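In: With the sequence up front, the predicted model follows.
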Amino acid sequence: MSPALIESTSTRSSPRVTHICTPRSLDEPTTFLDISHQLEVMELLQQLNAENDLSIVMVLHDLNQAARFSHRMVALRDGAIYASGAPDAVMTGEVLREVFRVEGVIARDPHTGTPVFTPLQSVRTNGSGHLAEGAGEPR
């Protein structure tokens, strides 16, 4: 399916298709969509990538969605790249603590084999942006 074909099949009741087919760089393409439409959009992007050898760059704040549908993830901290690579290399306890300020459990999705993150708690900082002593320890 080419982007032009997808654009021509979009309707007024389906603006998400028009939204995703024009740019190659997407900012939160699944925001405000219900879970069914989120999966539809991500699967369509995955199909475009595979069938058309199309590189797609997108910003996602849903880490599990990013890990499931991306070949490569980039985690930014203070506007600079903190970690970059395959989802397994980026979705680590250290990255989640240092970049996203959360502690949690990283497991494997039994269906896709990709990393899945379950947040447990926010991590406090000591005011300087550094993790506070004892921060992130389970209560």
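Out: Sure, I can see it.
In: so after the helix of greatest length in the chain, what's the next helix or strand?
Out: In the chain, ranked by residue count with DSSP state H as the criterion, the top helix is helix 35-52. Following helix 35-52 in sequence order, the next helix or strand is strand 57-59 (DSSP states H and E).
In: same for that next one, what does it pack against?
Out: Strand 57-59 is packed against strand 25-27, with contacts defined by 3 or more C-beta pairs under 8 Å, 6 or more residues apart in numbering; DSSP states H and E. Glycine gets a C-beta too; all of them are placed from N, C-alpha and C.
In: mean confidence score for the strand it packs on?
Out: Averaging the model's pLDDT scores along strand 25-27 yields 85.
In: Break down this structure into its strands, ranges please.
Out: 25-27, 57-59, 73-77, 80-85, 102-108, 115-122 (DSSP state E).
In: Tell me which residues of stretch 102-111 come out buried.
Out: Of the residues in stretch 102-111, those with enough neighbours to count as buried (16 or more other C-beta atoms under 10 Å) are Val102, Glu103, Gly104, Ile106.
In: quick revisit: could I get the strands of the chain as JSON lines with distance to Ile35?
Out: Putting the strands of the chain into JSON lines (distance: least, C-beta to C-beta, whole Å) gives the following:
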{"stretch": "strand 25-27", "distance to Ile35": "18"}
{"stretch": "strand 57-59", "distance to Ile35": "18"}
{"stretch": "strand 73-77", "distance to Ile35": "21"}
{"stretch": "strand 80-85", "distance to Ile35": "27"}
{"stretch": "strand 102-108", "distance to Ile35": "20"}
{"stretch": "strand 115-122", "distance to Ile35": "15"}
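In: Any idea which of these gets closest to Leu96?
Out: Closest approach to Leu96 among these (C-beta to C-beta): strand 102-108, 5.5 Å.
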